[in-house]
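Trainee: Coordinates for the following, if possible.
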Amino acid sequence: MNKKIVSVIIAVLVLAITAGGYAVYGANKDKKAEDSVDEAKTSAADLYKEMKKYISAGEESGEFKKIDGDKILTVEAKSAIAKADLENASENAKKELGKVLKEKVEPKIKEIQEYNKGATIAASLYGRINEAEKLAAENPLAPELLAGLPQLKEDTIEENSKFKTLEEPYSSLFTDRYVKRVEKLEGIINMFATAEQTVQAVVNMSVNEKTKREAFDKKVDEAKKMIDDLTNEAAREELSVQLENASTSFYTAVAEREEQARKKAEEEAKTFTAGDGTVYELGEGPDFEPEASVAKQHGGRLYYIPHSDVGIIVKDKATIMSMSAGSIGTTTAQAKLLADLLAAKGYKITYETIKGVVDTGTPFEDEKEFIRIYKQGNQLYAHIW
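Mentor: Numbering: from 1, shown residues only. Predicted structure coming up:
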């Protein structure tokens, strides 16, 4: 028998004797056995109740407090004394009181022992996991946290296998409890790492001139969702600031590039170089009306050769109409443009008239209006005099 248990038993016996042992008072052996069993039963019940409180608290916090070893030894000692006293009791007492020990005392002692085995294993895990969680709350990517997490996970899995060997309900009480906490911690760290990587991707995209607005906005939305899922307030704030700065930088750069492109387009639009190398200048202002306005109505611009009567209308960097004194040339696809231009110049010509030339190939001529319109292939010409 364990020396400590023996010493406790002796102490309990001495206490019983000094309190006025049964021999002094002549109490019978059955009464002595009954009192011993009752004392063991009460002691076991009290310690069992204490264990239940520890379990309730542990299920809430994850920290399962160990039951004091001396208390367990005391209950075991009282149970042993009760068994010893039963040896001297009557057969009827042995049967009835033995049943009490078997059903009310020994099962509780066994459960207390099983619980304490689990609590002993859990104590170390809880401490390490709790410290890791505190560190993660301050900085989910702390170097020491990232370095220690793999070993913590390995140790937790190993200790978890010991929980599985406990008797029920204590196997279920402890098994996978700490594995889940480590997995949750690992998930938080991975979420933060992924969010940080996504924000960094946004930052990289923000300084790349080739980044398209649609792709950038999509990546920003992805990063925002990840940041919103983070549980660490400081991390959310830090990454949100980085994301906002990247967005501001990107759209500022886009605006600057668009402004530069606009100015460049305006500068380039002031001249037009034809396929034969002829350079035309942009025609704007009263001196170029109504040609300039008609060109604009059709999405084009009027250009001319300085100090000449030669001009062209350009749309999408292509010449769609050419003009000189008394002559206008275009394609049949631009019949509406020709009709609008002639009408703007004061000729009583309608689109239907020109469309008739295009459809039938029959020229139109009005000597009173001093105008002749005809078609050659897909080319359309107007002579005015």
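
Trainee: any idea how far residue 330 is from residue 353?
Mentor: Using Cβ to Cβ, to the nearest Å, we find residue 330 at a distance of 15 Å from residue 353. Quick note: C-beta positions are derived from backbone N, CA and C, even for glycine.

Trainee: what's the answer for residue 264, then?
Mentor: Computed as Cβ to Cβ, the residue 264 to residue 353 distance reads 42 Å.

Trainee: And those two? Which one has more around it.
Mentor: Set side by side, residue 264 and residue 353 show more neighbours around residue 353, with 16 against 10, by other Cβ atoms under 10 Å.

Trainee: ok, for residue 148, nearest residue in space, not its chain neighbours?
Mentor: Distances taken as Cβ to Cβ, 6 or more residues apart in numbering place residue 132 nearest to residue 148, at 6.9 Å, with adjacent residues excluded.

Trainee: Tell me how many other residues surround the one you found.
Mentor: Here the number of neighbours of residue 132 (other Cβ under 10 Å) works out to 22.

Trainee: which SSE is it in?
Mentor: Taking DSSP states H and E as the definition, one finds residue 132 inside helix 106-138.

Trainee: Now for the nearest residue to residue 223 once chain neighbours are set aside, how many residues are close by?
Mentor: Distances taken as Cβ to Cβ, 6+ apart put residue 198 closest to residue 223, at 4.5 Å, once the chain neighbours are dropped. For residue 198, the tally of surrounding residues (other Cβ under 10 Å) stands at 20.

Trainee: thinking again about what came up before, please name the residues that touch the residue nearest to residue 148.
Mentor: 145, 148-149, 152, 182, 185 (Cβ atoms under 8 Å, 6 or more residues apart in numbering).

Trainee: One more: residue 186?
Mentor: With Cβ under 8 Å, 6+ apart, residue 186 has these contacts: 149, 153.

Trainee: Just want the angle from the helix or strand containing it to helix 106-138.
Mentor: Secondary structure assigned from DSSP H and E places residue 186 in helix 177-206. Compare the direction of helix 177-206 with that of helix 106-138 by axes from the mean of the first three to the mean of the last three Cα atoms, to 10 degrees and you get 10 degrees.

Trainee: following helix 177-206, which helix or strand shows up next?
Mentor: Heading C-terminal from helix 177-206, the first helix or strand you meet, by DSSP H and E, is helix 213-228.

Trainee: Mind telling me what element residue 320 is part of?
Mentor: Applying DSSP H and E, one finds residue 320 within strand 318-324.

Trainee: Show residues contacting that strand.
Mentor: 274, 291, 298, 300, 309-314, 328-331, 334, 337-338, 341.

Trainee: Format the CA atom coordinates belonging to the next helix or strand after that strand as CSV.
Mentor: Next along the chain after strand 318-324, taking DSSP H and E as the criterion, comes strand 327-331. Provided in CSV are the C-alpha atoms of strand 327-331 (Å, rounded to 0.1, in the frame of the first residue of the first chain):
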residue,chain,number,x,y,z
SER,A,327,-15.8,69.3,-104.7
ILE,A,328,-16.7,67.0,-101.9
GLY,A,329,-15.7,63.3,-101.8
THR,A,330,-16.8,60.5,-99.4
THR,A,331,-18.0,57.0,-99.3
